[in-house]
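> this one's structure only:
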């Protein structure tokens, strides 16, 4: 099925820790990164610009430092992020180079997005990278210095902010959940395939999140709402299932698709 994408209009992919880390959240799942590299490289080779917002720096750092478990204190998390970020980027670089793709690293905070000059700098840098052949910008929160991101857990929101800044065609949030589930009395009934009005599905949202997730579905829906207000279609899908990225772009029935009403 052809992928109908506006020329040079990027897609923004957000990969959560739950789909990048091994069980326990204390090391990177290299098989997952290898698979994602193959899928994303295929899109880039088709001329579809991609921007990746990646979590899992802390998980990479826990392994690199030889810790038995993830630290709970802010300083410990920041130390893990400082060690883990280059390890995570090295893993991406090793996998993507097999497909002729060069990875580029950008560490951002929300202040970088909302401060006018910093936003302009980030925007121009991303434009240059996307205009370069076979380059994938990889963004993560600057966890080694910014404590608000560690407290709020917000790569979901950052991915939406990046999508808005770059006028993305699609925001794809890959997580451990197969989209948003309809619930009644705490019982999961079915997957909700499409949403137009977020207010109508809030009754199905629970505060639960993965053991090593910072946000859960609530923060994802806040990100979705921001993207939808900017006219950007968003999909939440299961990143542990192969082929979800291309299927989401092709408009296939996976996860939950949040549609933007046509004017």
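Perfect, thanks for sending it. What you see is a predicted model; the values in this text were computed from it and never measured. Numbers count the residues shown, from 1 in each chain.
> sec struct for the nearest residue to residue 190 once chain neighbours are set aside, please.
Excluding the flanking residues, the one nearest residue 190 by C-beta to C-beta, 6 or more residues apart in numbering is residue 182, at 5.1 Å. For every residue, glycine as well, the C-beta is placed using N, CA and C. Look at residue 182: counting by DSSP: H, G, I helix; E, B strand; the rest coil, its state is strand.
> what's the neighbour count on residue 182?
Neighbour count of residue 182, defined by other C-beta atoms under 10 Å: 13.
> my read: it touches residue 195, true?
No: in this structure, residue 182 is not within contact of residue 195 by C-beta atoms under 8 Å, at 10.9 Å.
> list residues touching both of the two?
residue 201 (C-beta atoms under 8 Å, 6 or more residues apart in numbering).
> how far away is residue 229 from residue 66?
Counting by C-beta to C-beta, to the nearest Å, the gap from residue 229 to residue 66 is 44 Å.
> neighbour count: these two, which is higher?
For residue 229 and residue 66, the more surrounded residue by other C-beta under 10 Å is residue 229, and the numbers stand at 11 against 6.
> and the more buried one, how far is that from residue 15?
Note on residue 229: its distance to residue 15, by C-beta to C-beta, is 23 Å.
> remind me which residues of the stretch 151-263 of the chain are low pLDDT?
For the stretch 151-263 of the chain, residues meeting the criterion pLDDT under 70 lie at 151-153, 185-186, 206-215, 263.
> can you pull out the helices in it?
For the stretch 151-263 of the chain, the helices defined by DSSP state H, counting those that start in this stretch cover 155-165, 217-229, 244-249.
> among those helices, which is nearest residue 133?
helix 244-249 (20.1 Å; C-beta to C-beta).
> got the contact list for that closest one?
Taking C-beta under 8 Å, 6+ apart as the rule, helix 244-249 contacts 3, 5, 11, 13, 36, 39-40, 42-43, 48, 170, 172, 174, 235, 237-238, 254-255, 257.
> which among those residues end up buried?
Buried by 16 or more other C-beta atoms under 10 Å: 3, 5, 11, 13, 36, 39-40, 43, 48, 170, 172, 174, 235, 237-238, 254-255, 257, out of the contacts of helix 244-249.
> can you tell me what sits against the longest helix along the chain?
Counting by DSSP state H, the longest helix found in the chain is helix 74-97. For helix 74-97, the external contacting residues (C-beta under 8 Å, 6+ apart) are 28, 30, 33-34, 36-37, 40-41, 54, 56-65, 67, 70-71, 102-103, 105, 107, 136, 138, 140, 143-145, 147, 150-151.
> of the residues you listed, grab the buried ones for PyMOL.
Buried residues within these, by 16+ other C-beta under 10 Å, are selected in PyMOL with:
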select buried, resi 28+33+36+37+40+41+54+56+57+58+59+60+61+62+63+64+65+70+71+103+107+136+138+140+143+144+150
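> the contacts of helix 74-97 in strands, which ones?
Of these, the ones assigned to strands by DSSP state E are 54, 102-103, 105, 107, 136, 138, 140.
> closest to residue 189 out of these?
residue 54 (32.4 Å).
> confirm for me that that closest one is in contact with residue 137.
No: in this structure, residue 54 is not within contact of residue 137 by C-beta under 8 Å, at 10.5 Å.
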